[in-house]
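1. Here is my input, please return the structure:
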Amino acid sequence: MQVTPQKKEPPPSEAAGAKSDLDKGAEGPVRPAPENRWRPIIAALLSLLFAGLGHLYLRRYGRGGLLLILGLFLLRTSGYSPRAMMLNVILFVFSAFDAYSFGKRGFGII
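-> Below is the predicted model of the structure:
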């Protein structure tokens with residue numbers, strides 16, 4: 001007795017003309033939506049304005065609140081001396097880089 005191979009039917013997504021995952025890369029790079037392209041930049045600028053604001057804009061409430069409280073604490077305890085204010089400047093710059101990283105990649109520096 002001879003067994004004939006049965007023909008496999010394609011999954012419904014391929015049968016309907018949808019492209020597989022391998023075919024999607026052939027179209028070229030996918031550009032992010034315009035509002036998503038500016039999101040990391042806006043978050044970084046807000047964090048430069050005050051530490052934690054960019055994270056709050058990106059809806060990272062835990063980290064944003066922590067940086068905001070830390071920034072307020074450093075501002076309050078520094079007594080506006082130039083050396084102590086440098087800690088606040090360093091915190092703002094770190095916060096800006098971290099917010100940009102969250103907006104661009106989805107995870108922060110640390």
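2. Please enumerate residues in contact with the helix or strand hosting Val93?
-> Element membership for Val93 (DSSP states H and E) is helix 82-105. Taking Cβ atoms under 8 Å, 6 or more residues apart in numbering as the criterion, the residues outside helix 82-105 that touch it are 39-48, 50-52, 54-55, 57-58, 60, 63, 67, 70-71, 74-75, 77-78, 107-110. Yep, even glycine has a C-beta here, placed from its N, CA and C like the rest.
3. how much space between Leu67 and Asn36?
-> For Leu67, the distance to Asn36 (Cβ to Cβ, to the nearest Å) stands at 23 Å.
4. Please disregard the earlier target; I meant Arg76.
-> Arg76 sits at a distance of 36 Å from Asn36 (criterion: Cβ to Cβ).
5. Same check on Leu46?
-> On the measure of Cβ to Cβ, Leu46 and Asn36 end up 16 Å apart.
6. what's the answer for Arg60, then?
-> For Arg60, the distance to Asn36 under the criterion Cβ to Cβ works out to 16 Å.
7. Compare the two and say which is more crowded by neighbours.
-> Looking at Arg60 and Asn36 with other Cβ atoms under 10 Å, you find the greater number of neighbours at Arg60, namely 20 against 11.
8. residues in contact with that one?
-> Applying Cβ under 8 Å, 6+ apart as the definition, the contact partners of Arg60 turn out to be Phe102.
9. mind checking pLDDT for it?
-> Per-residue pLDDT puts Arg60 at 90.
10. Give me the phi and psi angles of it.
-> Backbone geometry at Arg60, expressed as degrees, to the nearest 10, gives phi -100, psi 80.
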